[in-house]
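Engineer: Quick one, fold the following:
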Amino acid sequence: MLVTWRYRKRPGSVIQSFDPRAWFIFFGCYLFSVLMFWDFRYLAVFFFGALFFVLTSRITWKEMRRAWIFMGWLIFVYTLLTFLTGKGGIEVYGKEHVITTWYFPFTIFNWQPHITVTVERIFFALSQSLRLFTIASMTILIPYSINPAQYGITFRGLGMSDKFAYAMDLTMRFVPSFGRDFQLTLDAQRARGYELEKLRGGLVEQVRKMAPLIVPVIIHAIIGSEDIIDAMDLRAFGVGQRTWLEQLHYHWRDYLLIVLAVSILLTSIFLAMFGYGAFWVPPELVF
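Structural biologist: Now for the predicted structure:
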């Protein structure tokens with residue numbers, strides 16, 4: 001059986017006061033607008049905008065804690081590697097102004113490892129962090145704020161076909177369903193004496209010892225997908241146009257949100273076309 005994210009109705013939530021179709025349109029426009037800029041100042045505006053929606057979503061820290069910890073570490077590691085290697089920013093800036101260079105007290109094949117700290121790398125890392133945190137903040141809100149029962153009709157209302165809308169519906173439900181199956185399998189194997197905490201050996205050996213977890217979960221996912229396909233075939237899904245039990249209706253506030261989304265996107269395109277929002281460092285630090 002498919003499960004969903006931990007959605008619940010939240011009185012006073014700004015996001016849930018809008019039609020989910022309007023929110024997805026706003027999310028898409030906001031996302032593309034963020035991707036057009038590398039200027040730290042412009043990205044800060046988008047970041048605080050995303051922070052506003054997070055704080056007004058009525059989603060507690062306890063509910064989002066795991067998602068934030070995972071995304072936070074992922075962004076931190078990715079940004080740190082970019083800063084240490086300097087890779088990724090070469091296409092954004094050409095010249096670097098060195099602040100200092102740290103050398104390691106050892107050599108590898110007559111090469112001494114070192115870390116070069118430059119003004120450009122610092123501000124590129126800051127801009128990259130703001131970019132990623134803004135996108136992550138807006139994305140995390142979706143599974144906790146959008147009613148899972150409205151996934152299909154939402155994507156259908158955005159002009160997608162019935163097949164694509166239902167595929168998106170199943171995709172949104174796959175991750176929590178897969179997590180549920182993994183936890184059930186882990187509990188069952190622990191009841192049989194399997195101890196994940198005591199895995200020893202190299203990477204290959206640890207992967208081999210995790211077979212009692214990985215194999216049942218994958219097989220169950222394949223069987224579950226086949227059951228869904230058979231159920232859809234028995235109901236002649238895809239033969240004709242599908243009807244949906246629930247209907248969505250736009251309100252005046254939804255139209256305002258869509259107008260705001262399109263305005264943000266068009267303004268971002270206009271600014272990017274005229275050279276605004278490119279990578280920026282304070283002129284005082286460049287010497």
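Engineer: so where's the stretch 1-150 of the chain uncertain?
Structural biologist: Low-confidence segments of the stretch 1-150 of the chain (pLDDT under 70): 1-6, 88-91.
Engineer: switch to 50 and redo it
Structural biologist: For the stretch 1-150 of the chain, the stretches flagged by pLDDT under 50 are 1, 3.
Engineer: can you map out the helices along it?
Structural biologist: 20-34, 40-55, 61-85, 119-145 (DSSP state H, counting those that start in this stretch).
Engineer: What residues sit buried inside the last one?
Structural biologist: If you call a residue buried by 16 or more other C-beta atoms under 10 Å, then helix 119-145 has these buried ones: 119-121, 123-138, 140-145. Heads up, the C-betas are built off the backbone N, CA and C, glycines and all.
Engineer: just checking, what's the longest helix in the chain?
Structural biologist: Using DSSP state H, we find that the single longest helix of the chain is helix 162-191.
Engineer: starting at the chain centroid, how far to it?
Structural biologist: Distance, stretch centre to chain centre, for helix 162-191: 18 Å (C-alpha atoms, centre = their mean, to the nearest Å).
Engineer: Please identify the buried residues of it?
Structural biologist: Residues of helix 162-191 classed as buried by neighbour count (16+ other C-beta under 10 Å): 162, 165-166, 168-169, 172-173, 176-178, 181-182, 185-186, 189.
Engineer: The residue lying farthest from the centre of the chain and Phe70, how far apart?
Structural biologist: Computed with C-alpha atoms, centre = their mean, the residue of the chain farthest from its C-alpha average is Asn110, at 41.9 Å. Asn110 sits 40 Å away from Phe70, going by C-beta to C-beta, to the nearest Å.
Engineer: got the phi/psi numbers for the residue farthest from the centre of the chain?
Structural biologist: The phi/psi pair for Asn110 (degrees, to the nearest 10) reads phi 70, psi 10.
Engineer: ok so, going back, tell me the one among the buried residues of helix 162-191 nearest to Ile15.
Structural biologist: Met172 (15.9 Å; C-beta to C-beta).
Engineer: isn't the closest one right next to Pro148, touching?
Structural biologist: Yes. Between Met172 and Pro148 a contact is recorded at 7.0 Å, counting by C-beta atoms under 8 Å.
Engineer: what's near enough to touch Leu130?
Structural biologist: For Leu130, the contact set (C-beta atoms under 8 Å, 6 or more residues apart in numbering) comprises Phe40, Leu43, Ala44, Phe46, Phe47.
Engineer: No further queries at this time; thank you.
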